[in-house]
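Undergrad: Predicted structure and sequence below. I'll ask about it afterward.
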Amino acid sequence: MSAGEKAKAKAEQVVGRAVRTLAHAVHRNDLAVKGAALEARGRMRGAKEGAKDHFRR
C-alpha cells in the first residue's frame, strides 16, 4: 500500500468518526449518517489497498 493512499484512507476514517461524533452531540442524524459513510469509505479504501498489496507479493 502506498503511503499516500494509506494516509488518505486513515484521514477519511478519522474525519468520518469526528463528523459522526459531533453530529450525535448536536442531535443531527442526517450528518451522523454522512460521517458514518465517510468512515466506511475510508475503511473500504484501506481494505482495497491491503488486498492489492497482498496479491502483488
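TA: Good, I have the coordinates. Numbering: from 1, shown residues only.
Undergrad: helices or strands up against the longest helix anywhere in the chain?
TA: Ranked by number of residues, the top helix in the chain under DSSP state H is helix 29-56. If contacts are counted by 3 or more Cβ pairs under 8 Å, 6 or more residues apart in numbering; DSSP states H and E, helix 29-56 sits against helix 3-25. Every C-beta, even on glycine, is put in place using the N, C-alpha and C of the backbone.
Undergrad: Identify all contacting residues around the helix it packs on.
TA: 29-32, 34-43, 45-46, 49 (Cβ atoms under 8 Å, 6 or more residues apart in numbering).
Undergrad: Which of those residues are buried, as a ChimeraX select command?
TA: To isolate the buried members of these in ChimeraX, using 16 or more other Cβ atoms under 10 Å:
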select :32,35,38,39,42,45,46,49
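Undergrad: just for the protein, where's the confidence low?
TA: 1, 57 (pLDDT under 70).
Undergrad: Could you check how many residues crowd around Ala18?
TA: By the criterion of other Cβ atoms under 10 Å, Ala18 has 13 neighbours.
Undergrad: measure it to Lys6 for me?
TA: 19 Å (Cβ to Cβ, to the nearest Å).
Undergrad: What of Val15?
TA: Distance from Val15 to Lys6, by Cβ to Cβ: 15 Å.
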